[in-house]
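Novice: how would this look folded up:
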Amino acid sequence: MIRMGRNSKPETGGTYGESSSVEPDAPYRYQTETPQAAVRGGAITDSDAMARDIKEGRLSGFVGHGTTLTGETEFQAMLRVDGHLIGTVTSEAGTLIVGTNGVVDANVSVAAAMINGVVNGDVIAHEKLQLGRTAQVIGNIQAPRLVVEEGAVIEGKCSMVRAREDSEKQVAAEVENTYAVQSSYSEPAITDEERLTAALFDETSDEEEETAEAAGV
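Specialist: Below you'll find the predicted structure:
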């Protein structure tokens with residue numbers, strides 16, 4: 001099993017250039033560059049950006065172009081695949097990125113995934129799945145949120161289970177609220193005093209009927 005952990009303590013040595021402009025919630029934007037960084041350090045390459053992501057703990061692992069990795073892969077933060085990954089890929093809270101040259105022959109179960117390459121296997125993204133225009137997924141996909149760009153290829157079933165469950169819960173809540181509003185306009189509950197008065201009235205009516213029957217006899 002291949003475990004790719006997150007760096008808990010960033011390294012202090014080495015030259016990585018200026019600080020990264022990539023926000024933690026947007027791990028895919030490797031080529032994002034601020035004008036200040038461009039002026040001070042020149043153009044930022046993918047290698048520089050990934051080096052900073054590794055240093056700052058945002059990138060757990062990287063499978064480069066021309067590299068083949070086989071086995072059960074588990075990671076924590078982010079895994080980028082530009083090479084060939086075979087086996088299984090799992091992460092409870094991590095993000096999988098498959099580049100345009102990346103090939104993943106594995107079943108994938110991650111929190112989020114952005115695919116621009118080829119995935120031969122089922123893909124489960126517990127939070128969000130994004131397929132770029134060069135993506136090819138040969139397998140079933142499951143995600144509560146799905147973004148598919150024009151040109152992406154999917155050969156398999158698509159299921160948005162959590163989204164459907166959330167929709168059903170919302171409908172049930174709306175129905176419950178409707179019933180609550182309707183019940184607020186219903187007749188008020190009968191008090192004990194009103195029940196006693198009704199019972200006495202019924203007894204009086206019965207006595208009058210018996211008296212009338214006796215008189216008729």
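Novice: make it CA atoms for all contacts and neighbour counts henceforth
Specialist: Fine.
Novice: the helices in this structure, which residues?
Specialist: For the chain, the helices defined by DSSP state H cover 35-41, 46-55, 161-184, 192-216.
Novice: let me see the mean pLDDT of the last one.
Specialist: In this case it means helix 192-216. Helix 192-216 carries an average pLDDT of 66.
Novice: same deal with the second one?
Specialist: Regarding helix 46-55, the rounded mean pLDDT is 59.
Novice: packing partners of the top strand by length along the chain?
Specialist: Looking across the chain with DSSP state E, the single longest strand is strand 103-115. Packed against strand 103-115 by the contact rule (3 or more Cα pairs under 8 Å, 6 or more residues apart in numbering; DSSP states H and E) you find strand 84-90, strand 95-98, strand 118-120, strand 123-131.
Novice: domains in this structure, by residue range?
Specialist: Domain segmentation of the chain under automatic domain parsing yields 2-159, 191-217.
Novice: going by mean pLDDT, which of those domains comes out lowest?
Specialist: domain 191-217 - the lowest mean pLDDT of these, at a mean of 65.
Novice: circling back to that earlier point, now the helices and strands packed on strand 103-115 in CSV, with distance to Glu149?
Specialist: Converted to CSV, the helices and strands packed on strand 103-115 look like this (distance: least, Cα to Cα, whole Å):
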stretch, distance to Glu149
strand 84-90, 23
strand 95-98, 15
strand 118-120, 15
strand 123-131, 6
